[in-house]
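>>> With the input below, show me the fold.
(one chain, ligands or ions: 2)
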Amino acid sequence: MDVLWLIPLLLVPLLMWSSGTFVFYFKKCFYVGWMMVLALLAIPLCMLKSGGRDVENMRIIRVLVRHVKYFLGLRFDVSGWEHLQTEGPYVIISNHQSSLDVLGLMEILPDRCTMIAKKELVYAGTVGLICWLGGIVFINRKKTSDAKSVMAEAAQTMLDQQIRLWVFPEGTRNQKEDLLPFKKGAFHLAVQAQVPIIPVVFSSYRNFYLRKEKRFNSGTVRLRILPKIETKGMTSDDISSLCDKSFDLMQAAFRERLRLQTHEQRAVEGAEHSPRSRLLFPPTSPSETCLPRPPVPLPAPPPLLSPRFPIAWPCHEISSCLVDAWSGRPLARPVSAVCPDPHCACSSSSTCTTTSSTSTSSSAALQAVSGMTDGRIDACCSSCMTEGSGHHQFLLCFLPF
Ligand SMILES: CCCCCCCCCCCCCCCC(=O)SCCNC(=O)CCNC(=O)[C@H](O)C(C)(C)COP(=O)(O)OP(=O)(O)OC[C@H]1O[C@@H](n2cnc3c(N)ncnc32)[C@H](O)[C@@H]1OP(=O)(O)O
Ligand SMILES: CCCCCCCC/C=C\CCCCCCCC(=O)OC[C@@H](O)COP(=O)(O)O
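Ligands and ions are numbered 1, 2, ... in the order given. Okay, the predicted model is just below:
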């Protein structure tokens, strides 16, 4: 009889090793179960600390949740910390893929920051209660007028109590390869309170987490904190443009990371079904050797590109030539992407160089490949990409705005 105990003990590791689907359900159940237990632990701690519902309870929740990633084989790689160094209240907006987002959120959650959530979450047992104790603002998505008045109240509370709010403007979980159109509540909130918006982009989970395919491997989530967007002086007339601008910036960052993930995925093809990739921490990304992260901080780019003003600045990814990494301001619009020499080697770092309209040999060469006339090429950015096993160097020519 005693030996029967051994069967599940042996069976679980065996199934973990052999079946990706088992790992998926095991990790999901563990996640929900463990969060419930942690919430149960947190409830008395929060009651002792604050005596009830208080945003300060988020500190306790943050500490308790931080270690959960290790059990699930997840890493979080955060960039743009400096953008969170903002005094006073602000609204953080981020894309929303899964309840696993809570783990990334807790990695960077600033002090006195709580969230906007659907009201159904309050009924999620101990997790619901801890959400309430943490000061989470619950909205009824089915009753827009109620949701609007709750958010208007929240705007006032943000100012009165110096609180920051985290909103998922997609309004629901989304595992597609692109962001959903944004709901406008977060932008009304920021404009009503006249506080900045700080966009945060979670990289796609598709490399390690696929709900439909029942895959939950180990993986790395990249969190990119973008520069704040000021709303001082804005009115309700500015909501649509503010929403569009935020969406464009976040979508650009999401897509840029997705493109790199595609290259990473190709490089590790075949490895993703191994037991190692399901259970152990992910290796560092191979594409990092081709597209190195910029040493922080990058030198500031010039205010505007101009053919009369030859300029060059380090550019590690094509998109950083197109969008100012600091302000998020678009710098230029691409007009052609060409490969000047299919046999060229992939350089260890990529550089943006300006080819002035006065004809230099390089601008003549560029014109030859891009078919652009003299005076129209204002800057070029080269970037290397892995393609299969070989390397190609691409050249992207663009015009300034
Ligand atoms: C140790 C512990 C372990 C456990 C540890 C637990 C950790 C604890 C972590 C929890 C983590 C939570 C994670 C939750 C995650 C979610 O629950 S996500 C779902 C809930 N969140 C949201 O929905 C937020 C985003 N939604 C919105 O902002 C939506 O705008 C609203 C407010 C719900 C309204 O919905 P809608 O009507 O569908 O939205 P929309 O089309 O944007 O607006 C319609 C019109 O109303 C206007 N409008 C919208 N909002 C407003 C407004 N506030 N004022 C005036 N007009 C407005 C719009 O401008 C628009 O008018 P037009 O411009 O078309 O003329
Ligand atoms: C008594 C009910 C028990 C329900 C148990 C579920 C509790 C979940 C337990 C642990 C997970 C901890 C993290 C909780 C935060 C999850 C927030 C979340 O992801 O909500 C989904 C919401 O953004 C959008 O919902 P939809 O995609 O529109 O649907």
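
>>> Just give the number of residues close to L41.
Using other C-beta atoms under 10 Å, L41 has 13 neighbouring residues. Just so you know, the C-beta spots here come from the backbone N, C-alpha and C atoms, and that holds for glycine as well.

>>> Next: the one 3 residues further on.
When neighbours are counted by other C-beta under 10 Å, P44 registers 9.

>>> What count of nearby residues applies to the residue of the stretch 101-250 of the chain found nearest ligand 1?
Residue of the stretch 101-250 of the chain nearest ligand 1, by C-beta to the nearest ligand atom: G185 (2.0 Å). Close neighbours of G185, defined as other C-beta under 10 Å, add up to 25.

>>> can you check K214 too?
14.

>>> ok so, going back, quick one, what contacts the closest residue to the residue of the stretch 101-250 of the chain closest to ligand 1 other than its chain neighbours?
Distance criterion C-beta to C-beta, 6 or more residues apart in numbering; nearest residue to G185, sequence neighbours excluded, is M151 at 5.3 Å. M151 makes contacts with I116, V137, I139, G185, H188, L189, Q192, as judged by C-beta atoms under 8 Å, 6 or more residues apart in numbering.

>>> Please, where are all the helices along the stretch 1-150 of the chain?
6-18, 20-50, 57-65, 68-72, 101-108, 125-133, 144-161 (DSSP state H, counting those that start in this stretch).

>>> residues contacting H96?
For H96, the contacting residues are F168, E170, T172, R173, N174, by C-beta under 8 Å, 6+ apart.

>>> What distance do you get for S145 to K183?
Applying C-beta to C-beta, to the nearest Å, the value for S145 to K183 is 14 Å.

>>> Likewise for S18?
43 Å.

>>> swap in L41?
From L41 to K183 the distance is 34 Å (C-beta to C-beta).

>>> And K143, by the same measure?
14 Å.

>>> okay, these two: which has more neighbours?
Shown here are K143 and K183; by other C-beta under 10 Å, K183 has more neighbours (18 against 12).

>>> from what I can see that one touches L189, true?
No. K183 is beyond contact range of L189, at 10.9 Å (criterion: C-beta atoms under 8 Å).

>>> How is this structure divided into domains?
The record's domain parsing of the chain by automatic domain parsing lists 18-269, 274-401.

>>> ok, of those, where does mean pLDDT dip lowest?
The minimum mean pLDDT among those belongs to domain 274-401 (a mean of 42).

>>> hmm, back to that, ok, of the contacts of M151, which one's closest to ligand 2?
For the contacts of M151, the nearest to ligand 2 is I116 (9.6 Å; C-beta to the nearest ligand atom).

>>> is stretch 130-139 up against ligand 1 anywhere?
Yes. Stretch 130-139 reaches ligand 1 (C-beta under 6 Å from any ligand atom) through I130, C131, I139.

>>> Point me to the residue of the stretch 251-400 of the chain nearest ligand 2.
The nearest approach of the stretch 251-400 of the chain to ligand 2 comes at F254, 17.7 Å away (C-beta to the nearest ligand atom).

>>> Would you mind listing what in the stretch 1-150 of the chain touches ligand 2?
Within the stretch 1-150 of the chain, the positions near ligand 2 by C-beta under 6 Å from any ligand atom are V32, M35, H96, S99, V102, K118, L121, Y123, A124, G125, V127.

>>> just those that are near ligand 1?
Among these, the residues within reach of ligand 1 (C-beta under 6 Å from any ligand atom) are M35, H96, V102, K118, L121, V127.

>>> now, which of the residues you listed sits nearest L179?
If you rank those by distance to L179 using C-beta to C-beta, H96 comes first, at 9.3 Å.

>>> Skip the chain neighbours and tell me the closest residue to the closest one.
Spatial nearest neighbour of H96, excluding adjacent residues (C-beta to C-beta, 6+ apart): F168 at 3.8 Å.

>>> ok, and what's touching stretch 242-252?
For stretch 242-252, contacts defined as C-beta under 8 Å, 6+ apart pick out 93, 95, 169, 178-179, 181-182, 184, 187, 190-191, 197, 199, 201, 226, 229, 231, 234, 319, 322-323, 328.

>>> One more pass at 7 Å, please.
93, 95, 178-179, 182, 184, 187, 191, 197, 199, 201, 226, 229, 231, 234, 319, 323, 328 (C-beta atoms under 7 Å, 6 or more residues apart in numbering).

>>> Then stretch 80-89?
Residues contacting stretch 80-89 (C-beta under 7 Å, 6+ apart): 108, 110, 158-159, 162-164, 193, 195-196, 198, 224-228.

>>> These: which two are farthest apart?
L159 and R224 (27.9 Å).

>>> Compare these two (neighbour count), which wins?
Counted by other C-beta under 10 Å, L159 and R224 do not tie: R224 has more neighbours, with 20 against 14.

>>> where does the more buried one land in three-state SS?
Per DSSP: H, G, I helix; E, B strand; the rest coil, the local secondary structure of R224 is strand.

>>> do the same with the one 3 residues further on
For P227, the secondary-structure state derived from three-state DSSP is coil.

>>> what's the answer for W166, then?
Once three-state DSSP is applied, W166 turns out strand.

>>> For it, give me its contacts.
So W166 contacts I92, L105, C113, M115 (C-beta under 7 Å, 6+ apart).

>>> was I right about I108 contacting R222?
No. Counting by C-beta atoms under 7 Å, I108 stays clear of R222, with 11.9 Å between them.

>>> The closest residue to D101 other than its chain neighbours pairs with what?
Spatial nearest neighbour of D101, excluding adjacent residues (C-beta to C-beta, 6+ apart): F202 at 6.3 Å. Beta-bridge partners recorded for F202 (DSSP bridges): L223.

>>> Output the set of residues of the chain in proximity to ligand 1.
When proximity is defined by C-beta under 6 Å from any ligand atom, the chain lies next to ligand 1 at 35, 38-39, 42, 61, 64-65, 96, 102, 115-118, 121, 127, 130-131, 139, 141, 144, 147-148, 151-152, 167-169, 171-172, 183-186, 188, 239.

>>> Could I have the buried ones of those residues as PyMOL selection syntax?
The buried residues among these can be selected in PyMOL (16 or more other C-beta atoms under 10 Å) with this line:
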select buried, resi 35+38+39+42+61+64+65+96+102+115+116+117+127+130+131+139+147+151+167+168+169+171+183+184+185+186+188+239
